[in-house]
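# sequence and predicted structure are below.
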Amino acid sequence: MNGRNHSAERLRHAVPCALAILATTWLAPSRSPAQEAVTNQQMGFSVHKEKPAVMEAVEDFERYREKEAWEKAFAALGKAFDQAAGGLVPGKDGFMVDVSGKLRDELLSLPAQGRQAYRLFSDPTSAKLLHDATDGDADASGGKGSPPHDSIASLDRIVDRYFITSSGDRAADRLGDALFEAGNFARAERCWRMVLESFPGSSIPAALLQGKRATALARSGQWAAFNELRAEAQERFSGQTVHIAGRDVALADYLQELSRDATEPASTQPAGLQPSTLSGAADSAEMPADDTPVWQVPLMDDQGKKQITDALNNIGWQMMAGQMASYVPPTALDARRLYVNWFGACFAVDLSTGKMLWRTNSFANIPQTLAQMPMQGMSTDFSDASAMVAGDRVLFSRRDLSSRPRNPQEQQNASTHLLCLNAETGKTIWGPDKGPGPLSGWSFTGKPLAGEDGTFYICGRSGENQELSLAHIALANGELLARVPLGTPAAGVDFRGSVLSPVPVLLMRDSRIYVLTNNGVLLAVDPRAARVEWAFTYPTEVSASPQVFFFNQVAPDTKAAGAMLASGTTLYFKEFGGDMIYALNLAGPSLKWKRPCDSSVTIAAGDGQNLYLCGTEADCIDMESRAMKWSDRISVACQSIRPLVAGGHVYIFGQRGIHDVQSDGGTGPIFRGYDRSGDGGALWQTADKLITVSSAAVTAYPLKHGQRP
Amino acid sequence: MGNVPESAAFHMTNALKHRRVAVWQTVLGCIFCAACLAPIVPAWADDAGISVSGVGVAKGRPTLVEIGARLSGDGELAADASVKYNDLKKKAVAALEGLKDPNLSIEFSGPTVGLATDSAAQMRIMQGGAAGDATKQKVQISEQVRLILKDADKLEPDKLIAEVLKVIDTAKDAGLQVGSPPANYIQMQIRAQTGQNGDTIVVFKIPDRSELESQAYEKAVADARAKAERIAKLSGVKLGRVAFVQDQGTAQEGNGQQSLLAAIYGEAASTATPPSSKEVESSALTEIPVTVKLTIKFEIEK
């Protein structure tokens, strides 16, 4: 009886417990928030890493170095040099450095006794290699003889592997000369600096090396570093004469001559936001006198918005309507026309009349096509599109919505291709409709970066390969001149399962191209050597939303674009939607500082002392102390803002109009304007007009006569 | 009883006891019911006279307009939150003072410091989901702000509305959050069901209703007397002195549907600030009524 009671009692307790467990299992999310956060914080972009065998050899070298077993140490290092394949290896503070630089640093870390031993082993080889690379004309005078034109690769190898040998300083000096001749001023300066800093007792006069460095700094426009060098030279080399540029001249006088050309390179507008061709940065700006526009080109009218919203409401994806309806198209400007890339339909507008001069596609079906895209599994992310003007041509990267994919695979792989048009007539110069060319099979992403001699750089993928490369392309015919493999991005997934690919941002500074992957890595690329010099890695968030649409799914917050800004020798950057700003010292490279910020703001401008951030608010950050000086709330709700920076003002086109934020934290009146239907967007200024570009319209306002942009 | 078993005798004694208790319970219950019902037994039941109810309504134009707003600054670094909060407050005050409106005043409720929740997590919590793993917490400094326009009754309605909108625009331009977001999911549902897109951001008030109340009482008494006289005349009797007055209180008309929903969910209907005992308010710019209801018993002259 008792036993039966106990069984019944146990059963009474067991049933609710079992139900509770079942309910918990059933109701619990398939992935806990913590797990999701871990997924979202996963590593982003994968760079090309060096082989493990090389790193093991380096570790062996370090171990033998500590034991002063020089022969074994140099054998291990030699093995590392022989097996190195040009990948990146971990450095300090999240940096990944080129393996050759790492190995050179290992050599430089040798104590005096070790250096002596290394010279004993390697001096003959080094001297022979230098002789071969320079036809025997390398001397201790600092390269008075004519430098060879084809020895950069050989000299590179000597400097990497034998810099601490007796002829290492001469090799580095000659490499500097060769790089300078090739126009690679930044690398040349680094070679001469390396001799000064890391080769004590060099026979090359320090004054001469400083003179060469100064020339390279002046040629590459690094005036902050130049002024530091000049101050040091005046103190240390006063009255010394150097033989430079074919003549003997006092170093002080020479530096004085160089400084006459001093102009700080534009650093006001960062990459990602900067105008592509507007000649000269605006030094003043003023808002129009009233709200009446001189012309307006409507883009997405209320009917179009309704069409998209209604179609998406029917399938429960109404949340996406805002994503498409608030899309601000990429634009570019020259002296006569504004070029717009609206969902792949590209057109030009006459700046004086507002007339549409030409267009690549009809606009009629765009809202309908957009509304159908989610249902057909096509990506509705157009953030990889761009527009750029180069001389008499205009370049668009776009997805052509008029060429409909035939199957789901094609829909998923719909590529973003380049289209080069005659800016005046809109006729195709090169592009996919001219037949398969060198760029067929490529899918490009992000805004191009103008290069030298009618070329440009842009990131893209070739074929089915997911690896991202930096492509160097001739503007004249679309020929692929060079390609630098960068690594593989980690694509995210949005709430409905569509792939979200990060869109990189490019910036050219001191002969290097910096690639902000917006995926957890910033890369420094030497475009001439076609190699990645170093990478800086940082925590990122790769969106991995579940592919289901629950009732409690919420629209993501506004995330500001990624941006870079170079000022002096510092590069400031913030990733797309990131909540951290980083300042990198490019001379190192090293991490100068980092600080948290809102994910809804991005770097808009800098004036040498302050960084100006804008988005849902405008913030001013001291570049040195990184303290926030002031903050101002503004009404920006879209990702694609393009502020106008002029005369100590940052103008930002937001929901409530154009905000005037002053560098001292003051604010001017908000210019409401005629376009009040969008979420804000881009601002352009010409000699006589202010142009706003929103998701709804392109609107031009007259400025006072004779006003200078 | 001798044959009755002991247990049966015990049961009978018990039954008698229970009956006595039941009788007493009935008596006490009747007394209690009588006491409870006494106040609601009509006055005429115990004495002769005419009892009537009178209603008096007095209306007045709102003299004060109150706009609810909020200012806040947040940041992962508390120093950032402080800069944002202070700059926003400074700018908002400067912008509103720049209107040079002598009738406009700003009242701050005092800052509160807490942890900010990002909007996505907020929505998840509102909808009963998990907040998610907040990797980086943000400090938030926030403060409720009341923008008060006095002498509202001295302006024409059109001009007053224009003035109010100007203040709202200035506050929004300066970065203030005008109105308040729903405090919880229930408030959000109430707003959705009542067709409100957001909170009522402007409240029109009469800060002291005493004068209106006096007028309403006068009207209520007059109304009651008129009714009683009519009844007396029809009944062929003469109205005597007032024998009894019951005040049923004053009332202010409000949004019935919203109040009902709020009551169902156990929520207070949200307003910029809860009205004080002397205030009367309306969300519409209209004359605000104060109603008094009285029950008066008149004696019949013999």
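Sure thing, it's come through.

# tell me how far B:A94 lies from A:W442.
Distance of B:A94 to A:W442, given as Cβ to Cβ, to the nearest Å: 54 Å. Bear in mind the C-beta positions are built from the backbone N, C-alpha and C, glycine included.

# more neighbours: which of the two?
Each of B:A94 and A:W442 has its neighbours counted (other Cβ atoms under 10 Å in any protein chain shown); A:W442 has more, 23 against 12.

# across the sheet, point out what pairs with that one.
Beta-bridge partners of A:W442, counted by DSSP bridges, are A:S462.

# close enough to count as contact, it and A:S462?
Yes. Between A:W442 and A:S462 there is a contact at 5.2 Å, judged by Cβ atoms under 8 Å.

# residues in contact with A:F573?
Contact criterion Cβ atoms under 8 Å, 6 or more residues apart in numbering or on different chains gives A:514, A:516, A:522, A:562-565, A:581-582, A:584, A:603 as the residues in contact with A:F573.

# what's the answer for A:K72, then?
Shown in contact with A:K72 (Cβ under 8 Å, 6+ apart): A:60, A:64.

# list the buried residues for the helix or strand containing it?
Applying DSSP states H and E as the criterion places A:K72 in helix A:70-83. Buried residues in helix A:70-83, counting neighbours by 16 or more other Cβ atoms under 10 Å in any protein chain shown, are found at A:70, A:73-77, A:79-81.

# okay, strands next: where are they in the stretch 451-600 of chain A?
Here the stretch 451-600 of chain A has its strands, by DSSP state E, counting those that start in this stretch, at A:455-462, A:468-474, A:480-488, A:492-493, A:499-500, A:505-509, A:512-516, A:521-526, A:531-537, A:563-567, A:570-574, A:580-585, A:590-596.

# distance to A:L103 and mean pLDDT added to the ones you listed, as TSV?
Output for those, formatted as TSV (distance: least, Cβ to Cβ, whole Å; pLDDT from 0 to 100):
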stretch	distance to A:L103	mean pLDDT
strand A:455-462	28	92
strand A:468-474	24	94
strand A:480-488	21	92
strand A:492-493	36	75
strand A:499-500	38	74
strand A:505-509	26	90
strand A:512-516	21	93
strand A:521-526	17	94
strand A:531-537	14	92
strand A:563-567	28	89
strand A:570-574	25	93
strand A:580-585	22	94
strand A:590-596	19	94
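
# turn those strands into TSV, including distance to B:G179.
Listed next are those as TSV, based on distance: least, Cβ to Cβ, whole Å:
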stretch	distance to B:G179
strand A:455-462	44
strand A:468-474	46
strand A:480-488	47
strand A:492-493	35
strand A:499-500	34
strand A:505-509	37
strand A:512-516	39
strand A:521-526	42
strand A:531-537	44
strand A:563-567	33
strand A:570-574	32
strand A:580-585	32
strand A:590-596	29
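
# number of residues surrounding A:T360?
By other Cβ under 10 Å, the residues close to A:T360 number 20.

# in the stretch 101-250 of chain A, what residue is nearest chain B?
In the stretch 101-250 of chain A, no residue comes nearer to chain B than A:A224, which is 27.8 Å away by Cβ to the nearest Cβ.

# who does whatever residue of chain A ends up closest to chain B bridge with?
Nearest to chain B in chain A, going by Cβ to the nearest Cβ, is A:R633, at a distance of 2.7 Å. Judged by DSSP bridges, the bridge partners of A:R633 are A:E617.

# quick one, what contacts it?
Residues in contact with A:R633 (Cβ under 8 Å, 6+ apart) are A:616-617, B:84, B:88, B:91, B:174-175.

# now, which of the residues you listed lie within strands?
When the contacts of A:R633 are checked against strands using DSSP state E, the ones located there are A:E617.

# possible to save the contacts of A:R633 as a markdown table with neighbour count, distance to B:T295 and pLDDT?
Formatted as a markdown table, those follow (neighbours: other Cβ atoms under 10 Å in any protein chain shown; distance: Cβ to Cβ, whole Å; pLDDT from 0 to 100):
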| residue | neighbour count | distance to B:T295 | pLDDT |
| --- | --- | --- | --- |
| A:T616 | 18 | 59 | 86 |
| A:E617 | 22 | 60 | 89 |
| B:K84 | 26 | 58 | 94 |
| B:L88 | 23 | 54 | 94 |
| B:K91 | 22 | 56 | 92 |
| B:A174 | 23 | 53 | 91 |
| B:G175 | 25 | 54 | 90 |
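
# what's next to the helix or strand harbouring B:L239, contact-wise?
Per DSSP H and E, B:L239 falls inside strand B:238-251. Under the contact criterion Cβ under 8 Å, 6+ apart, strand B:238-251 has outside partners B:43, B:47, B:49-51, B:53, B:209, B:213, B:216, B:225, B:228-229, B:232, B:290-301.

# out of these, which are buried?
Of the members of the contacts of strand B:238-251, the ones counted as buried by neighbours, 16+ other Cβ under 10 Å, are B:43, B:49-51, B:209, B:213, B:216, B:225, B:228, B:232, B:290-300.

# contacts for stretch B:223-236?
Contacting residues not belonging to stretch B:223-236 are listed as B:50, B:52-56, B:238-239, B:294-296, B:298, B:300 [Cβ under 8 Å, 6+ apart].

# try it again with 7 Å
B:50, B:52-56, B:238-239, B:294, B:296, B:298 (Cβ atoms under 7 Å, 6 or more residues apart in numbering or on different chains).

# dump those residues into JSON lines; add secondary structure and pLDDT as well.
Below are those laid out as JSON lines (DSSP: H, G, I helix; E, B strand; the rest coil; pLDDT from 0 to 100):
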{"residue": "B:I50", "secondary structure": "strand", "pLDDT": "92"}
{"residue": "B:V52", "secondary structure": "strand", "pLDDT": "94"}
{"residue": "B:S53", "secondary structure": "strand", "pLDDT": "93"}
{"residue": "B:G54", "secondary structure": "strand", "pLDDT": "94"}
{"residue": "B:V55", "secondary structure": "strand", "pLDDT": "94"}
{"residue": "B:G56", "secondary structure": "strand", "pLDDT": "94"}
{"residue": "B:K238", "secondary structure": "strand", "pLDDT": "91"}
{"residue": "B:L239", "secondary structure": "strand", "pLDDT": "89"}
{"residue": "B:L294", "secondary structure": "strand", "pLDDT": "93"}
{"residue": "B:I296", "secondary structure": "strand", "pLDDT": "94"}
{"residue": "B:F298", "secondary structure": "strand", "pLDDT": "93"}
